[in-house]
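Engineer: structure, please.
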Amino acid sequence: MVEQPHRVRRALGAMREDVWSELQDRRIRDRLHEGVARPAVRVSRRWLWALAAATGALCVVIATRAHRGRPIVSEGAAIGSDAESTTAGFSDGSEVDVERGGHVRVVKDRQDETRVEVLAGRAEFEVSKRPSRPFVTWVRGVEVRVIGTHFSTEIDLSRPPGVVHVRVGRGVVEVRRRSGETASRLSAGDALDVALEPVAPAGAMAAAPAATPASSSTAPAASSLGAAPMVPASAPVDASKLFDAARAARAAGDVNGAARSYSMLLKQFPGDERAGVAALELGRLRMDALHAYRSAAEAFRSAIAAAPNEGVREDALARLVDALDAMHETDSCRKERRHYLERYPRGLSASRVAHACER
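Structural biologist: Prediction:
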């Protein structure tokens, strides 16, 4: 038998002194007991609802953190795949989603600044708000500078010589069409299409007079990444000039010129600190633009040997697997695939590599 609450017992004791019947006594006892117990039930329900709400919020937090737990890329790393969409994070908490067929290069990711080059396709950025650390994206000479926002860029080559689309989902960005121009300020919901300039013939830059000033309006815009115009034939050549010339040529759409500069750098300065990145970029050009898979594989092997960091080495190895797969060299492809998966089981290209070499 359930023990009666103290208030119920006191009330009943007082009632028994009157002339009430046993039936009345029992009815009153039941009603009083119900009245005393009901608030406890309501309190209990409120605690249950609060507990349920707290549990739901915790699940949301856990799910959000799991969603944002993307691999952190390092300087020199390449992001993107021709087979699938790719996601990655930066050291400041910013993130990028690269659609299938898109390619992005991490040029700088340090305490003072993050710089990214979009080489092809569409990339969507979620940039952490840090006023003291600008985030700069460079797309074929078009500079997009932000402090904290959500925006996307896309290279559209369906209308030659091409268009760069910039879309702002949140926050504010500044877009410069070319070096020295006043920036266009875009806010949430704004969009801007920047037409690329026609590409000059491959030999036009090399044939230009040595006295042509570097700031000429016909030179490719490249200030955002420190790149320079193509090196005139009479100018002194060193590794840094060749590297900058290759990047400027690539930004201008001169694939052959960029490949020549990277090849010269590797031939004349094989021990330079830029050699690993130059070899990776040369391999990408040969494979993606020129479809020269065998020479691309050679460049990727050189990049693996001279890579300045794991980001470059990982990307070069993944691309080597792609090149061998394209040539249907199954045995070599599977060997390099196994090498990649053993070394980078959670790498940015692990999913793509795992499905290679099976055709």
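Engineer: part of a strand, is residue 165?
Structural biologist: Yes. Per DSSP: H, G, I helix; E, B strand; the rest coil, residue 165 lies within a strand segment.
Engineer: number of nearby residues for it?
Structural biologist: Residue 165 has 16 neighbours, counted by other C-beta atoms under 10 Å. The way it works is simple: take the backbone N, C-alpha and C, and place the C-beta from them, glycine included.
Engineer: and residue 132, by the same measure?
Structural biologist: 8.
Engineer: kindly report the same for the one 5 residues further on.
Structural biologist: A count of neighbours around residue 137, defined by other C-beta under 10 Å, yields 27.
Engineer: kindly report the same for residue 181.
Structural biologist: 11.
Engineer: how near is it to residue 141?
Structural biologist: For residue 181, the distance to residue 141 equals 11 Å [C-beta to C-beta, to the nearest Å].
Engineer: could you do residue 116 as well?
Structural biologist: 14 Å.
Engineer: how much space between residue 315 and residue 125?
Structural biologist: From residue 315 across to residue 125, the span is 20 Å (C-beta to C-beta).
Engineer: these two: which has the busier surroundings?
Structural biologist: Per other C-beta under 10 Å, whichever of residue 315 and residue 125 has more neighbours is residue 315, with 29 against 24.
Engineer: residues near the closest residue to residue 114 other than its chain neighbours, how many?
Structural biologist: Spatial nearest neighbour of residue 114, excluding adjacent residues (C-beta to C-beta, 6 or more residues apart in numbering): residue 135 at 4.8 Å. Residue 135 has 25 neighbours, counted by other C-beta under 10 Å.
Engineer: now residue 135: how far from residue 127?
Structural biologist: Distance, residue 135 to residue 127, by C-beta to C-beta: 5 Å.
Engineer: same check on residue 269?
Structural biologist: As judged by C-beta to C-beta, residue 269 and residue 127 stand 35 Å apart.
Engineer: for residue 276, same thing?
Structural biologist: Distance from residue 276 to residue 127, by C-beta to C-beta: 28 Å.
Engineer: do residue 138 as well
Structural biologist: 14 Å.
Engineer: wait, residue 339 touches residue 320, no?
Structural biologist: No. Counting by C-beta atoms under 8 Å, residue 339 does not reach residue 320; the two are 9.1 Å apart.
Engineer: higher neighbour count, those two?
Structural biologist: Comparing residue 339 with residue 320 by other C-beta under 10 Å, the one with more neighbours is residue 320, at 27 against 15.
Engineer: look up how far residue 318 lies from the closest residue in space to the more buried one that isn't next to it in sequence.
Structural biologist: With C-beta to C-beta, 6+ apart as the criterion, residue 320 has its nearest non-adjacent residue at 4.0 Å, and that residue is residue 300. Relative to residue 318, residue 300 is positioned 9 Å away (C-beta to C-beta).
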